[in-house]
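Undergrad: show me how the following folds:
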Amino acid sequence: MPKTVIHVFRDDDESIVTGTRLARRIQEVAAENDVELEVFCFGPAQRRLAAEDASAAATTYRRQIAELIAAGVPVGACVNAARADGTEAELLRRGLSLSVARDEFARFTLEEATVITF
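TA: Next comes the predicted model:
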């Protein structure tokens, strides 16, 4: 089954909101199009997900990530970065799966996934 991965990397308001909104929109039609969807947060966007940020964009970002997880979409982040930032427990509490980013990107390549980066 073809796979689309939304890779949220940048932490500017437009990237975090638009990237996760696109993932939600793809999720709406994934089953009927026989497409698998996955989201991977990394770098600055991963840090912003766990930060105490009350801005409208950060609130929307966290809500959209929670909705994706609730809908059964796998959402991951880098375990090494989470440990370095001290955010491992918070990301796990939010329902993200943590793994080594290097391994995930290699897996995306082996799965011939389409990766869209924001």
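Undergrad: any idea how far the closest residue to residue 113 other than its chain neighbours is from residue 30?
TA: Spatial nearest neighbour of residue 113, chain neighbours left out: residue 3 (4.0 Å); criterion: C-beta to C-beta, 6 or more residues apart in numbering. (Glycine included, C-beta is placed from N, CA and C.) Residue 3 is 10 Å from residue 30, where distance means C-beta to C-beta, to the nearest Å.
Undergrad: select the longest helix from the protein.
TA: Longest helix in the chain, counting residues (DSSP state H): helix 13-30.
Undergrad: any buried residues in the next helix or strand after that one, and which?
TA: Remark: after helix 13-30, the chain's next helix or strand is strand 36-41, criterion DSSP states H and E. Buried residues in strand 36-41, counted by 16 or more other C-beta atoms under 10 Å: 37, 38, 39, 40, 41.
Undergrad: same thing with stretch 40-52?
TA: 40, 41, 42, 43, 44, 45, 46, 47, 48, 49, 50.
Undergrad: what's next to that stretch, contact-wise?
TA: 5-11, 15-16, 19, 58, 61-62, 65, 75-78, 81-82, 85, 87, 90-91, 94, 96, 101, 104, 108, 118 (C-beta atoms under 8 Å, 6 or more residues apart in numbering).
Undergrad: mind listing the helices for the chain?
TA: 13-30, 43-50, 56-70, 79-85, 88-93, 101-110.
Undergrad: could you redo the ones you listed as TSV and give each row mean pLDDT?
TA: Putting these into TSV (pLDDT from 0 to 100) gives the following:
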stretch	mean pLDDT
helix 13-30	98
helix 43-50	95
helix 56-70	98
helix 79-85	97
helix 88-93	96
helix 101-110	98
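Undergrad: alright, that wraps it up for me.
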